[in-house]
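>>> this one's sequence-less:
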């Protein structure tokens, strides 16, 4: 797959491409990444890519003309590289976009790629968005100074799902939000030493009983999700992902927690 990124700061991607385990995806060609400096498609001595907004107001707006020229150059370059390649979508990272989820990442990881636009300033000329943008993505209800961080987040999530990138091929199968966990949060994990600051590793993890360990991890996943992301429990329940045993455990664990809270309140 190939991702093309339109950006004013291609240098921000350099550490990402050369560090960490996900660099394997780019070094091997499993994920091809091409960076496009938007200023190369602007005119004039100062290579301007932004201007003041009509109607007044603070900030600057990215101009439609250089964006369109860059986009057309990318389309031509992709066609030259592979005349039979499917036309990939144009993605803009924007507050109005749909929030990126694990399911969305999995979909992108199995796609032909995309053209990613990293906005800056107050945003893009709306006419360019209306004419060319196919998908808008948000990382959450907050604002970044530019789309580069969002693009790196998407690329990082996609890269780690490519075969051969992670040392353990099954590692990502137990990630939080993964369908293998029914969309729940992953449980806590422990490593050596067995005792640290007086806290020991849960004995079940050293028992060697794989079925019991799997049951314990499922229960811990349920506890963590119920405590920190109860919305995920409700989603899993509506989708029929919770077993009778899961529901029984959740009910029992909630009662136990309430009982303990009551004991603390009355001083027992």
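Yep, that arrived. None of the values given here were measured: they were computed from a predicted structure.
>>> name the residues that touch the longest strand along the chain?
In terms of residue count, the longest strand belonging to the chain (DSSP state E) is strand 90-99. The contact list for strand 90-99, computed with CB atoms under 8 Å, 6 or more residues apart in numbering, reads 71, 104, 114-119, 123-124, 129, 132-141, 143-144, 147, 150-151. (C-beta placed from N, C-alpha, C; glycine too.)
>>> and the residue nearest to residue 206 when sequence neighbours are not counted, how far from residue 131?
Sequence neighbours aside, residue 194 is the residue nearest to residue 206 in space, at 7.3 Å (criterion: CB to CB, 6 or more residues apart in numbering). Noted for residue 194: a distance of 61 Å to residue 131, by CB to CB, to the nearest Å.
>>> same question for the host helix or strand of residue 153: list its buried residues.
Here residue 153 sits within helix 148-159, counting by DSSP states H and E. Neighbour-count burial for helix 148-159, counted by 16 or more other CB atoms under 10 Å, picks out 148, 150, 151, 152, 153, 154, 155, 157, 158, 159.
>>> quick one: it to chain centroid distance?
7 Å (CA atoms, centre = their mean, to the nearest Å).
>>> which other helices and strands contact that helix?
strand 2-7, helix 14-18, helix 23-27, helix 102-109 (3 or more CB pairs under 8 Å, 6 or more residues apart in numbering; DSSP states H and E).
>>> how about the ones you listed, which one is nearest residue 253?
Residue 253 lies closest to helix 102-109 among the helices and strands packed on helix 148-159, at 24.9 Å (CB to CB).
>>> average pLDDT across the helix or strand just after the closest one?
Downstream of helix 102-109, the first helix or strand assigned by DSSP H and E is strand 113-117. Summarised as a single mean, pLDDT over strand 113-117 is 98.
>>> which helices and strands does strand 113-117 pack with?
Applying 3+ CB pairs under 8 Å, 6+ apart, one finds that strand 113-117 contacts strand 2-7, helix 64-81, strand 90-99.
>>> mean pLDDT and mean neighbour count added to the ones you listed, as JSON lines?
As requested, those are exported to JSON lines (pLDDT from 0 to 100; neighbours: other CB atoms under 10 Å):
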{"stretch": "strand 2-7", "mean pLDDT": "98", "mean neighbour count": "23"}
{"stretch": "helix 64-81", "mean pLDDT": "97", "mean neighbour count": "16"}
{"stretch": "strand 90-99", "mean pLDDT": "95", "mean neighbour count": "17"}
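>>> okay, the ones you listed in TSV with distance to residue 51 next?
As requested, the helices and strands packed on strand 113-117 are exported to TSV (distance: least, CB to CB, whole Å):
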stretch	distance to residue 51
strand 2-7	18
helix 64-81	10
strand 90-99	19
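>>> ok, which of these comes nearest residue 226?
Of all these, strand 90-99 sits nearest to residue 226, with 21.6 Å by CB to CB.
>>> parallel or antiparallel, which strands does that closest one pair with?
Take DSSP bridges as the rule and strand 90-99 pairs in its sheet with strand 113-117 (parallel), strand 135-138 (parallel).
>>> got the contact list for the shortest one?
Around strand 135-138, the neighbours that count as contacts under CB under 8 Å, 6+ apart are 89-100, 104, 114, 150, 154.
>>> ok, the residues you listed vs residue 62, which is closest?
For these, the nearest to residue 62 is residue 92 (10.6 Å; CB to CB).
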